[in-house]
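1. predicted coordinates and the sequence they were generated for:
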Amino acid sequence: MTRTEDACASEDAFALQRLATQALALWDLGDCVIAPIKIRENAVFRVASRDGRRAVLRIHRLGYHDDAALHSEFEWMQALASAGVEVPRVMKSSAGRPFERVHSDELPAGRQVDVLEWVDGRQLGALESGLDGGEEDIAGRYCTLGGMAARMHNHTSAWRPPAGFRRHSWCEEGIAGDEPLWGRFWELEPLSGSQRRLFERVREAIWTDLRAYGKDDAQFGLIHADLVPENVLVDGERVRVIDFDDAGFGWHLHGIRQRGIAALTVVE
């Protein structure tokens, strides 16, 4: 099977669920039932063991992160947890690894697979349906979330990553460089010639402004980079952030404003 055929197979939910079932044998969870939560860039499954334990299994998209970058994601999550920021706990495989690379006949290139503890709560909202709850509840949760984001930013301003730490960068190159992380948006096929020229001018302006903005520790560091309502779980008064897949280096403002958090509570 070619890489192109493998990429097509990765869109097959059944192939991914079979891979998830195969991968679970590498974790000491006993007899389990799995069900898909979402299949987008990554495939995420709910895992329920017969003895009542719950977890989340994540199959990573092909080629987005190398193994070093995935190790680095878990290192930052562990550092945040040590600093009092509630994040999902990584459940190591039976071999003691935070993730495994699993292959199948349908997906011969293999996928990185990890398992994280289940986090109770309901999503703050969804892209399709909007935010959940009344205005007062939503405002209170966003205030709490802003405080959590501030603690994360303050932590990363002081934290020094270990040797070999590697994550992608949402800097001017990652957003508007020659090969941005999410592709050359000014070359999308549906764009007309005039639209492409407009996007090229916009790209140049973004690159220039971001280049001049600066990257000192007070404004640039590790950010979650995907604080959409789906990645915020509310459980009573507790608000927790999940899904650090897009986490990388970037401006703190990017991690807040881009995802619609209107208020940032500064934590001393």
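-> Thanks, I have it.
2. only the buried residues of the helix or strand hosting V47, if you could.
-> When elements are assigned from DSSP states H and E, V47 belongs to strand 43-49. If you call a residue buried by 16 or more other CB atoms under 10 Å, then strand 43-49 has these buried ones: A43, V44, F45, V47, A48, S49. (Each C-beta comes from the backbone N, C-alpha and C, glycine too.)
3. for the fourth one, which non-adjacent residue is spatially closest?
-> When you say that, I think you mean V47. Using CB to CB, 6 or more residues apart in numbering and skipping residues adjacent in sequence, the residue nearest V47 is A55, 4.3 Å away.
4. next, the angle from the host helix or strand of that neighbour to strand 43-49.
-> According to DSSP H and E, A55 maps onto strand 54-59. Using axes from the mean of the first three to the mean of the last three CA atoms, to 10 degrees, the direction of strand 54-59 lies 150 degrees away from that of strand 43-49.
5. got the CA coordinates for strand 54-59 in PDB?
-> Provided in PDB are the C-alpha atoms of strand 54-59 (Å, rounded to 0.1, in the frame of the first residue of the first chain):
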ATOM      1  CA  ARG A  54     -12.300   4.900  31.900                       C
ATOM      2  CA  ALA A  55      -9.800   6.400  29.500                       C
ATOM      3  CA  VAL A  56      -9.400   8.100  26.200                       C
ATOM      4  CA  LEU A  57      -7.400   6.600  23.300                       C
ATOM      5  CA  ARG A  58      -5.900   8.900  20.700                       C
ATOM      6  CA  ILE A  59      -4.700   7.900  17.300                       C
END
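6. so what touches it?
-> For strand 54-59, the external contacting residues (CB atoms under 8 Å, 6 or more residues apart in numbering) are 16, 19-20, 23-24, 27, 29, 34, 37, 42-49, 88, 91, 111-119, 245.
7. next one: stretch 208-219
-> Counting by CB under 8 Å, 6+ apart, residues outside stretch 208-219 touching it are S157, A158, C171, E172, I175, A176, F220, W251, H252, L253.
8. and those, which are buried?
-> For these, a burial check counting by 16+ other CB under 10 Å picks out C171, E172, I175, A176, F220, W251, H252.
9. now those as a markdown table including secondary structure, distance to A79 and pLDDT?
-> Output for these, formatted as a markdown table (DSSP: H, G, I helix; E, B strand; the rest coil; distance: CB to CB, whole Å; pLDDT from 0 to 100):
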| residue | secondary structure | distance to A79 | pLDDT |
| --- | --- | --- | --- |
| C171 | coil | 21 | 95 |
| E172 | helix | 26 | 95 |
| I175 | helix | 25 | 94 |
| A176 | helix | 29 | 95 |
| F220 | strand | 18 | 91 |
| W251 | strand | 20 | 92 |
| H252 | helix | 17 | 88 |
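10. ok, so of those, who is nearest V232?
-> H252 (17.4 Å; CB to CB).
11. give me the low-pLDDT residue ranges for this protein?
-> Along the chain, segments meeting pLDDT under 70 span 1-11, 126-133, 255-268.
12. need the helices for it, in chain order.
-> With helices called from DSSP state H, the chain shows them at 3-9, 13-24, 67-82, 135-158, 172-176, 193-213, 252-257.
13. out of these, flag the one nearest F99.
-> Proximity to F99 (CB to CB) singles out helix 67-82 among the helices of the chain, at 5.9 Å.
14. how about the closest one: buried residues?
-> A69, L70, H71, S72, E73, F74, E75, W76, M77, A79, L80.
15. what's next to that helix, contact-wise?
-> Residues from elsewhere that reach helix 67-82 (CB under 8 Å, 6+ apart): 60, 65, 87-90, 98-99, 101, 112, 114, 152, 155-156, 159, 161-162, 164-168, 222, 244-245, 247.
16. restricted to strands, list these.
-> Counting by DSSP state E, the contacts of helix 67-82 place V90, R101, Q112, D114, L222 in strands.
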